[in-house]
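# Make a model of this:
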Amino acid sequence: MSMAERRTSAARRKGEILDAALAELAAHGYQGMTIGAVAKRAGLSQQGLLHHFPTKETLLLAALEFLAERDSAQMPTAPDRPASPLSYLPGLVELNQSRPEAVRARTVLSAECLTDDHPARDYFAARFRMARVSMAHSVRREFGSGLAPGITPEEAATLLSATMNGLLQLWLLDPSIGEPAELVRKMLHLVAPSAGWNTSSVGEENADADPGAEGSRPGEMRT
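Numbers count the residues shown, from 1 in each chain. Sure thing, here's the model as predicted:
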């Protein structure tokens with residue numbers, strides 16, 4: 001086997017381990033996940049898994065980065081002149097609904113990390129902070145004084161971020177709450193009632209895009 005083939009094989013094996021880890025995290029959380037269960041799901045011995053990820057903590061953080069990279073790769077590039085980046089939020093919710101296991105893993109871990117000693121606490125705090133800062137910047141740039149009375153861009157960003165994450169969690173528990181994407185659309189209208197919203201799904205927006213055009217990724221504002 002050539003060096004390139006060995007690298008490809010190792011990368012594929014790591015991907016299989018991280019997929020197995022995410023499945024275990026979604027089912028049991030970090031506290032309930034065991035190296036043995038992940039190894040069994042991935043078809044490896046525990047020693048074989050520990051060769052790639054020497055501790056449970058390194059496996060967790062690698063799985064979170066793997067999930068973030070997959071999220072980014074699945075985001076379509078926006079058209080050259082997209083509607084408000086915020087109008088993509090309902091589409092992002094729909095995309096997440098198509099991947100319930102990924103949402104479940106992230107939801108379980110983000111709740112677990114409220115404990116002070118959780119190894120992913122800093123990761124999630126930074127992730128949510130960056131999402132709010134990015135969203136507040138978009139709100140300020142696009143709407144200025146067009147927000148509902150008494151709402152600042154930072155408050156709007158917090159409301160929208162909390163709405164998206166909270167609705168997905170509720171939807172996982174009880175799908176009868178309705179369509180999360182439609183509820184996010186309604187929150188957008190409440191936050192900025194004077195905006196001319198065009199809240200098509202991400203896929204619909206991308207269908208009319210020039211495949212060679214460069215633009216921002218809506219995933220840059222993911223929560």
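# pLDDT weak spots in the protein?
Applying pLDDT under 70 to the chain flags the ranges 1, 3-7, 75-85, 195-223.
# Quick check: closest non-adjacent residue to A42.
Using CB to CB, 6 or more residues apart in numbering and skipping the chain neighbours, the partner closest in space to A42 is A20 (4.0 Å). Placement of C-beta: from N, CA and C, glycine included.
# And the one you found, how far from A39?
Distance check for A20 against A39: by CB to CB, to the nearest Å, it reads 8 Å.
# who's more crowded, those two?
Using other CB atoms under 10 Å, the more surrounded residue of A20 and A39 is A20, with 22 against 19.
# close enough to count as contact, the more buried one and R41?
Yes: between A20 and R41 there is a contact under CB atoms under 8 Å: 3.9 Å.
# ok so, going back, ok, the residue nearest to A42 to I177 distance?
31 Å.
# Over to H28?
25 Å.
# With L188 instead?
18 Å.
# Counting neighbours around each, name which of these two comes out higher.
A count of neighbours by other CB under 10 Å puts L188 above the other of L188 and I177, at 22 against 11.
# Which helix or strand contains the more buried one?
helix 180-191 (DSSP states H and E).
# Which positions within that helix qualify as buried?
Residues of helix 180-191 classed as buried: P180, A181, L183, V184, R185, M187, L188, V191 (neighbour count, 16 or more other CB atoms under 10 Å).
# now the fourth one, nearest residue through space, not along the chain?
Setting aside the residues directly before and after it, V184 is nearest to P90 in space (CB to CB, 6+ apart), at 4.8 Å.
# Is it correct that that neighbour is in contact with A181?
Yes: with contacts counted by CB under 8 Å, P90 reaches A181, the gap being 4.0 Å.
# Can you list the helices and strands that the host helix or strand of the residue nearest to A42 packs against?
Element membership for A20, per DSSP H and E: helix 3-32. Judged by 3 or more CB pairs under 8 Å, 6 or more residues apart in numbering; DSSP states H and E, the packing partners of helix 3-32 are helix 35-42, helix 46-52, helix 56-73, helix 100-112.
# Tell me the buried residues in the longest one?
Pointing back at helix 56-73 there. L59, L60, A62, A63, L64, F66, L67, R70, D71.
# gap between the residue nearest to V184 and A102?
For P90, the distance to A102 equals 18 Å [CB to CB].
# The two - which one has more neighbours?
A direct count of neighbours by other CB under 10 Å for P90 and A102 places P90 higher, at 25 against 17.
# Could you tell me the angle between the helix or strand the more buried one falls within and helix 180-191?
Under the criterion of DSSP H and E, P90 resides in helix 89-97. Helix 89-97 runs at 160 degrees relative to helix 180-191, counting by axes from the mean of the first three to the mean of the last three CA atoms, to 10 degrees.
# wait, A102 sits on L25?
No: A102 lies out of contact with L25 (CB under 8 Å); the separation is 10.1 Å.
# what's the spacing between stretch 112-131 and its chain's center?
Chain-centre distance of stretch 112-131: 14 Å, with CA atoms, centre = their mean, to the nearest Å.
# What is the end-to-end distance of that stretch?
Terminal residues of stretch 112-131 lie 20 Å apart, using CA to CA, to the nearest Å.
# May I see the buried residues of it?
Neighbour counts over stretch 112-131 (16+ other CB under 10 Å) mark E112, C113, H118, P119, A120, R121, Y123, F124, R127, F128, A131 as buried.
# Pick the one among those closest to I35.
Using CB to CB, P119 is the member of those that lies nearest I35, at 14.3 Å.
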